[in-house]
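S.K.: Here is my input; please provide its structure:
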Amino acid sequence: SAPAHPAEPEQDTESAAERRQEMTPEEAVTRLDARFFGEGVDQTWSHEATQRAERLRTQLPQGARFLSMECRSSMCRLEMVHANLEAFQHFIRDGLINDATSWDGPFMAALKSPPGRPGEVEAVAYLARPGTDLAP
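M.R.: Numbering: from 1, shown residues only. The predicted structure is shown next:
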């Protein structure tokens, strides 16, 4: 009779992938922040990326504003405030998803918790260099 097979190692990989899919937006932001703040600065790319990200400011809906913007070597990090959730979603849809010219690499945006003043929502967006994997 054949010996019993030990547990397949793929099961561990699957559960890790499942855990990754179940990651909350807060966990994703924490991981991307750690990655971002651990990066050095590519002077050439960060300068060009900052100019490009700065153009997104013109697409902010009324009442929205950037709190901070910084570009390093593989991504930029934007913190912004929007008047409400709908304004944030509108900016992401019209400013990033539907306008292919606004940013040429992958991006991820999430609401930061807890929201600031009543009504307003704070959000963070990571705009990555083309070819960068943004998986947290």
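S.K.: Find the residue closest to residue 131 in space, skipping its chain neighbours.
M.R.: residue 105 (7.3 Å; C-beta to C-beta, 6 or more residues apart in numbering). For the C-beta atoms, the positions are set from N, CA and C on the backbone; glycine is no exception.
S.K.: How about residue 110?
M.R.: residue 25 (4.0 Å).
S.K.: Please, where are all the helices along this protein?
M.R.: All helices of the chain, identified by DSSP state H, fall at 10-21, 25-37, 43-56, 85-90.
S.K.: avg pLDDT for the third one?
M.R.: Mean pLDDT, taken over the full extent of helix 43-56, equals 93.
S.K.: Also the shortest one?
M.R.: When pLDDT is averaged over helix 85-90, the result is 89.
S.K.: packing partners for it?
M.R.: Where contact means 3 or more C-beta pairs under 8 Å, 6 or more residues apart in numbering; DSSP states H and E, helix 85-90 is packed against strand 107-111, strand 121-128.
S.K.: nearest to residue 96, of the ones you listed?
M.R.: Smallest distance to residue 96 across the helices and strands packed on helix 85-90 (C-beta to C-beta): 5.8 Å, for strand 107-111.
S.K.: What is the neighbour count of residue 59?
M.R.: Residue 59 has 14 neighbouring residues, counting by other C-beta atoms under 10 Å.
S.K.: contacting residues for it?
M.R.: By C-beta atoms under 8 Å, 6 or more residues apart in numbering, the contact set of residue 59 is 91, 94-95, 99, 102.
S.K.: So which of these sit within strands?
M.R.: The strands, defined by DSSP state E, take in nothing from the contacts of residue 59.
S.K.: Using CSV, lay out the helices of the chain together with mean neighbour count and distance to residue 135.
M.R.: CSV is the format used below for the helices of the chain (neighbours: other C-beta atoms under 10 Å; distance: least, C-beta to C-beta, whole Å):
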stretch, mean neighbour count, distance to residue 135
helix 10-21, 10, 7
helix 25-37, 15, 9
helix 43-56, 15, 20
helix 85-90, 16, 22
